[in-house]
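Novice: return a 3D structure for these sequence lines:
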Amino acid sequence: MEKKWYYAILIIFTTCGFSFSSWISRTPELRDALHASAGTMGVILLGLSMGSILGLVLSNVFVRARGGRFAIMTSAFFMFGGFLTLATGAMVASQIVVFVALFIFGMGAGMCNVAMNLEGTEIEYRIKKTILPVLHAAFSIGTLVGAGVGVLFIKLGVSVSVHLVIVACLLFAILMVSTRFVPAGIGKESAADKKANAEESAADKRLWLNKRTVALAIMGLCLAFVEGSANDWIPLAMVDGYDVSHSLSTVIYGVFLAGMISGRLVSGRLIDTYGRVLLLRVAVAFAAIGLLLVILKISVVVCVVAIFLWGAGASLGFPMAISAAGDESQYAVKRVSLVTLAGYSASLAGPPILGFLANSFGLLNAFIFVLVAICVAGIFTGNVAKIKKTA
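Specialist: Prediction:
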């Protein structure tokens, strides 16, 4: 049962990554078709952020009422509709239609992200193994494949609209089939749970929200912002800042994803050997060095190596924060939900802010704001240490 469930969630993570990078790979062309400046693109991306944050909130409602499986199935309809609307917006070159499309898609993506992470923590609890980095690696693999398909479609001259319609159909079909192997009702609040929550004192309800949880949420927020900024802006930063072609910009974005995948796939054994704190601090240092080299604009070759370092360094922060939030099982659901909400909100709300900064200072200079976020996250890395159980 757990094996089929695990593989289903693995496929869902991969498919979500594929769908996300599919439209990201076409952002330079979409930007040109819309005749949008960096600041205007920031406003358009705000639609994705607003929809995603709403989806993050609705996901918890749906999960408590009907379970994670229901939330994922519902999200498939929103993402499918969002992609079809986005294809229409690209075809008619309408900034308003694209904004609405990203809002709809974002609502589905946010809903699915929370639900699939909660499913992952439940599997982790049952099989007594750390799997969240692998699940997030699957998401990164999906984004890499999506970016590769994007390059291929650009080379073949496939229009943005046709590309997005194909992705919409694949996404919907795969999610609907995969959820057949996900148990119903995971995370659903039972009558006994509702009664227990009603009887909790105010002091008991505050126990889950301690200083460590807040620190994990801040760290997750910062590092998810670092990852989200790369996903949204690397292709455009390469075109505008390094004067590379659209197809090469997508290839360089793929280098970032390769760094993410590498970091997440090898992290399991390294965490067991050296501990969470040391590994995360090394990762944060890699991310800071890589991003600094990108900002300095030394050469395209140096930039490619730096972007790999940026990806490898940014790969562990968010999944490690989620794992640390789930250390105490009695508070795991609330703490994981808070860290997930903080992380995904930052990864989606932060990039549009970069758009506004880029409009005034240039995209590479705007990345300094991301570098500051990495430094802030480094302050809180000690909080990922496993909680020592007292006798």
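
Novice: so, low pLDDT: which residues of the protein?
Specialist: 1, 189-207, 329-330, 332-333, 348, 388-391 (pLDDT under 70).

Novice: just the strands in it please.
Specialist: For the chain, no strands are identified by DSSP state E.

Novice: so Ser337 versus Tyr331, what's the distance?
Specialist: In this view, Ser337 and Tyr331 are 10 Å apart by C-beta to C-beta, to the nearest Å. Quick note: C-beta positions are derived from backbone N, CA and C, even for glycine.

Novice: these two: which has the busier surroundings?
Specialist: Ser337 (22 against 17; other C-beta atoms under 10 Å).

Novice: surely that one touches Asn60?
Specialist: Yes - here Ser337 reaches Asn60: they are 5.9 Å apart, a contact under C-beta atoms under 8 Å.

Novice: what touches both of the two?
Specialist: Val114 (C-beta atoms under 8 Å, 6 or more residues apart in numbering).

Novice: isn't Gly39 right next to Gly355, touching?
Specialist: Yes - applying C-beta under 8 Å, one finds Gly39 in contact with Gly355, separated by 5.8 Å.

Novice: among these two, which residue is more densely surrounded?
Specialist: Taking neighbours as other C-beta under 10 Å, Gly39 and Gly355 compare with Gly355 leading, 24 against 15.

Novice: quick one: the more buried one from Ile252, how far?
Specialist: From Gly355 to Ile252 the distance is 19 Å (C-beta to C-beta).

Novice: and what of Val151?
Specialist: 11 Å.

Novice: the more surrounded of those two?
Specialist: The neighbour comparison of Val151 against Ile252 (other C-beta under 10 Å) goes to Ile252, with 21 against 18.

Novice: give the contact list for the more buried one.
Specialist: For Ile252, the contacting residues are Ile234, Pro235, Met238, Val244, Cys303, Val304, Ile307, by C-beta under 8 Å, 6+ apart.

Novice: gap between it and Phe13?
Specialist: Distance from Ile252 to Phe13, by C-beta to C-beta: 24 Å.

Novice: also Thr273?
Specialist: For Thr273 relative to Phe13 (C-beta to C-beta), the value is 25 Å.

Novice: with Ser337 instead?
Specialist: On the measure of C-beta to C-beta, Ser337 and Phe13 end up 18 Å apart.

Novice: just Phe361 next, same as before
Specialist: Distance, Phe361 to Phe13, using C-beta to C-beta: 35 Å.

Novice: again, but for Gly275
Specialist: Gly275 sits at a distance of 25 Å from Phe13 (criterion: C-beta to C-beta).

Novice: what's the answer for Met320, then?
Specialist: Met320 is 16 Å from Phe13, by C-beta to C-beta.

Novice: got it, and Arg126?
Specialist: In terms of C-beta to C-beta, Arg126 sits 18 Å off from Phe13.

Novice: give me the more crowded residue out of those two.
Specialist: Phe13 (27 against 12).

Novice: correct me if wrong: the more buried one contacts Val134.
Specialist: No - at 9.1 Å, Phe13 and Val134 do not qualify as touching, with contact defined as C-beta under 8 Å.

Novice: okay, now Arg269: neighbour count?
Specialist: 9.

Novice: count of residues packed around Val97?
Specialist: Neighbours of Val97 (other C-beta under 10 Å): 18.

Novice: contacts only, for it.
Specialist: Listed by C-beta under 8 Å, 6+ apart, the contact set of Val97 reads Thr85, Thr88, Gly89.

Novice: highest neighbour count among those residues?
Specialist: Gly89 leads the contacts of Val97 on contacts (other C-beta under 10 Å) with 25 neighbours.

Novice: I'd like to know how far it sits from Lys211.
Specialist: Taking C-beta to C-beta, one finds Gly89 at 45 Å from Lys211.

Novice: do the same with Tyr6
Specialist: On the measure of C-beta to C-beta, Tyr6 and Lys211 end up 33 Å apart.

Novice: which of these two has more neighbours?
Specialist: Tyr6 (21 against 8).

Novice: nearest residue to that one in space, please, no chain neighbours.
Specialist: Of all residues not flanking Tyr6 in the chain, Ile123 sits nearest, at 5.4 Å (C-beta to C-beta, 6 or more residues apart in numbering).

Novice: likewise for Ile261?
Specialist: Per C-beta to C-beta, 6+ apart, closest to Ile261 is Ser140, 4.5 Å.

Novice: correct me, but that neighbour touches Ser267?
Specialist: No - taking contacts as C-beta under 8 Å, Ser140 lies outside contact range of Ser267: 11.8 Å.

Novice: which neighbours do these two have in common?
Specialist: Ser315.
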